[in-house]
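[1] Pasting the sequence and the predicted coordinates here, then a few questions.
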Amino acid sequence: MPQVLRVALDTPLRRLFDYLPPAEAGTGPLPAIGARVRVSFGRQRLIGLVLAAADTSEVPQERLKPILEVLDARPVLDPAAIELLTWAAQYYHHPIGEVLTGALPRPLRFGAGAVEVEERWAATDAGARAGADGEPRRAPKQRSLLTFLIENGGAPAGILDERLGSWREAARALLARGLIASAAIRIETLPSPEARLRAAGPVLLPEQSAAIEAVASGFGRFGAYVLHGITGSGKTEVYLRLIERVLAQGRRALVLVPEIGLTPQLLGRFRERFDAPLAVLHSALSDSERLGGWREAWNGRARIVLGTRSVVFAPVPDLGLVVVDEEHDASYKQHEGGFHYSARDLAVVRARHAGVPVVLGSATPSLETLHNVAAGRYVRLTLPRRAAEAQPPRLALLDLRTSAVRSGIATPAVLAIERHLADDGQVLVFLNRRG
C-alpha cells in the first residue's frame, strides 16, 4: 500500500506536497484521488486535493505530517477533470494547486460538503395514531403539518416551505411531543429524469440539417466543428437538435455562452424545448447558488450544464457534446486574477480528452479558428441564409459630399431618425469619437 499522498494546495508554489495518510486510517482505504483533505501547512490549516499516491518521498519520513481530515468519500474531481486541469496548469504555466482549487465553487474551497444534505421530516408512529384521532385539536397549524406529513409519507423542508409557509414553530411543538421527527439525508446521487421534448422545433433549412448530420455522425469520437452562420441563421436551433440527440442517447451536454446577459435568453430556449434538469453556473450567482448548480452537475441529475467561461471546469458525467456559442467573444479569456486561460480553447481540449464533438458557433469566427479550419484541424459548417424567412437589415451608405450635415449627422440620416421616432421606435447613434 502507498505510504505517501501527494496533495495540491492553493499556494503560488508549482509543486505538490507530501503527507502521510490520516492517523486513524490504519489499514483502511486511502483518500481517493481527487478528494479534498485538510492538512497542516506551516502554521496554517489548508484544504487541498489528493492528486497521487507514492511509496516514498524525497522528504524524510520523520518530517512528514499526517493528513488531518478527509473531507470527501467520493472525489470532487474525477480523472477526466484532473487530466484537463493538469494540462491547463502546464500549458498556461500556472501553479497546479491554484488551478485545481479555482475550478471548485468557493464554498468547497473552504470545506463545505460536496454532498447535499436534505432536511426531511416525517410523522412518528405516535404521530400517525394522533393524526387518526384528529389531534392536535386546538392547534390548527400543528394539525395541518401533521396531516400533510402523514398523507405524503414525510417531506423535505423545501417542500414544506412551498406548501405550508411558516411551519417551523408548529414543527417544534410536534417534535417536543414526539409526534414527528427529522433526519438529515445525504443525497449522494439523484436519479436523473428521462429527458423529454416539451415542443417540436421549426422546419429546418437544408443547410441546418446538413450541419446537424455532420456533427451527429461524429458522436462518440472527437471532432471540432465551426458552425459559421450569419445572424439569424438558426445556429441555436442546430445546438438544440444536437443536444436532443445526445439526451436521447442517455448522455449529457455542456454549453458555454460568453456573457451572463445571454444566459437567461439561451436558458429560456432550452427550457421551452426540453423537459430535463438544467444546471446553470456563472459569476452573477451567489456562492450558495453556484454550489447548488455544481452539485446538480456533479451528482448527475442535470442533463444540460450551461454557463459562462468557468463552466468549462464543471463536472459533467457521461459527457456527449460540448457547445461554445459566439466562440469569437473575448470574454472567454480569463485575464483577471491569478489563473489566465481561454475557456474556448479548454472546451476544445476537454472534448478531445472526452472523445466527443465540440461545436464552435459564430457569425464572425476568430482568426485562430479560421486558421484551424484552413489547416484541416476543424470542420467548417456554413449557414448562409437567415432562418424562418427573416430579412436582413437594409443598409444605406450616405455620401457626405452630396448631403447636408447637421451637428455631424447627414440630413437623410436625421430624417430617417425622425421617421423612426415618430413610429415609436428606438434609434442607436454611434459616433466615431470617444467621450
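    Yep, it's here.

[2] average model confidence for stretch 77-92?
    For stretch 77-92, mean pLDDT is 95.

[3] and what of stretch 235-247?
    For stretch 235-247, mean pLDDT is 95.

[4] send the alpha carbons of that stretch over as CSV?
    Taking Å, rounded to 0.1, in the frame of the first residue of the first chain, the C-alpha atoms of stretch 235-247 are listed here in CSV:
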residue,chain,number,x,y,z
LYS,A,235,-27.4,28.3,-35.0
THR,A,236,-29.2,27.9,-31.7
GLU,A,237,-31.7,25.6,-33.4
VAL,A,238,-28.7,23.4,-34.6
TYR,A,239,-27.5,23.3,-31.0
LEU,A,240,-30.9,22.3,-29.7
ARG,A,241,-31.3,19.5,-32.3
LEU,A,242,-27.8,18.1,-31.5
ILE,A,243,-28.5,18.2,-27.7
GLU,A,244,-31.8,16.4,-28.3
ARG,A,245,-29.9,13.5,-29.9
VAL,A,246,-27.3,13.5,-27.2
LEU,A,247,-30.0,13.3,-24.5
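
[5] For it, which outside residues touch it?
    195, 197, 201-202, 204, 208, 211-212, 215-216, 219, 227, 229, 252-253, 255, 266, 269-270, 273-274, 276, 303-304, 320-321, 323, 325, 359, 361, 363, 383, 387 (CB atoms under 8 Å, 6 or more residues apart in numbering). In this view, the C-beta of every residue, glycine as well, is placed from N, C-alpha and C.

[6] Show me what the strand or helix carrying residue 293 is packed against.
    Per DSSP states H and E: residue 293 is located in helix 287-298. When contacts are defined as 3 or more CB pairs under 8 Å, 6 or more residues apart in numbering; DSSP states H and E, helix 287-298 sits against helix 106-109, strand 278-281.

[7] ok, back up a step: can you select the buried ones among the contacts of stretch 235-247 for me in PyMOL?
    The buried residues among the contacts of stretch 235-247 can be selected in PyMOL (16 or more other CB atoms under 10 Å) with this line:
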select buried, resi 195+201+204+208+211+212+215+219+227+229+252+253+255+266+270+273+274+276+303+304+320+321+323+325+359+361+383+387
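
[8] Just say which of the helices and strands packed on helix 287-298 is most tucked in.
    Greatest average neighbour count among these goes to strand 278-281 (a mean of 23), per mean count of other CB atoms under 10 Å.

[9] Describe which strands that one pairs with in its sheet and in which direction.
    Here strand 278-281 is paired, per DSSP bridges, with strand 304-307 (parallel).

[10] Alpha carbons only: can I get the strand it pairs with in CSV?
    Below are the C-alpha coordinates for strand 304-307, written out as CSV (Å, rounded to 0.1, in the frame of the first residue of the first chain):
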residue,chain,number,x,y,z
ILE,A,304,-27.6,20.0,-19.6
VAL,A,305,-25.0,22.2,-17.9
LEU,A,306,-24.9,25.8,-19.1
GLY,A,307,-22.9,28.8,-18.1
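
[11] which residues are contacting that strand?
    Contacts for strand 304-307 (CB under 8 Å, 6+ apart): 243, 247, 252-257, 263, 266-267, 270, 274, 276-282, 293, 297, 311, 314, 316.

[12] rerun at 6 Å
    253, 254, 255, 278, 279, 280, 281, 282, 297, 314, 316 (CB atoms under 6 Å, 6 or more residues apart in numbering).

[13] related to what we said a few turns ago, neighbouring contacts of the helix holding residue 293?
    Contacts of helix 287-298 (CB under 6 Å, 6+ apart): 105, 106, 107, 116, 279, 280, 281, 302, 305, 314, 315, 316.

[14] quick one: the nearest residue to the third one once chain neighbours are set aside and residue 98, what's the gap?
    The spatially closest residue to residue 107, leaving aside those adjacent along the chain, is residue 291, at 4.8 Å (CB to CB, 6 or more residues apart in numbering). Taken as CB to CB, to the nearest Å, the spacing of residue 291 relative to residue 98 amounts to 20 Å.

[15] Repeat that for residue 283.
    18 Å.

[16] of those two, who's got more company?
    Legend: neighbour count by other CB atoms under 10 Å for residue 283 and residue 98, higher for residue 98 (20 against 10).

[17] Do you know the pLDDT at the more buried one?
    pLDDT, residue 98: 95.

[18] Just the buried positions in the strand or helix carrying it, please.
    Taking DSSP H and E as the criterion, the element that holds residue 98 is helix 96-102. Counting neighbours by 16+ other CB under 10 Å, one finds that the buried residues in helix 96-102 are 96, 97, 98, 99, 100, 101, 102.

[19] swap in stretch 129-141?
    For stretch 129-141, a neighbour-count test (16+ other CB under 10 Å) marks 130, 131, 135, 136, 141 as buried.

[20] Among these, which ones are in helices?
    Secondary structure assignment by DSSP state H places 130, 131, 141 of these in helices.

[21] so which of those comes closest to residue 154?
    Minimum distance to residue 154 across those is 13.0 Å, recorded for residue 131 (CB to CB).

[22] Would you enumerate the residues in contact with that closest one?
    146, 147, 150.

[23] Any chance of TSV for these, columns pLDDT?
    What follows is the contacts of residue 131, written out as TSV (pLDDT from 0 to 100):
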residue	pLDDT
146	93
147	91
150	92
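
[24] For the residues you listed, pick the one with the most neighbours.
    Each of the contacts of residue 131 was scored by neighbours using other CB under 10 Å; the highest score is residue 146's, at 25 neighbours.
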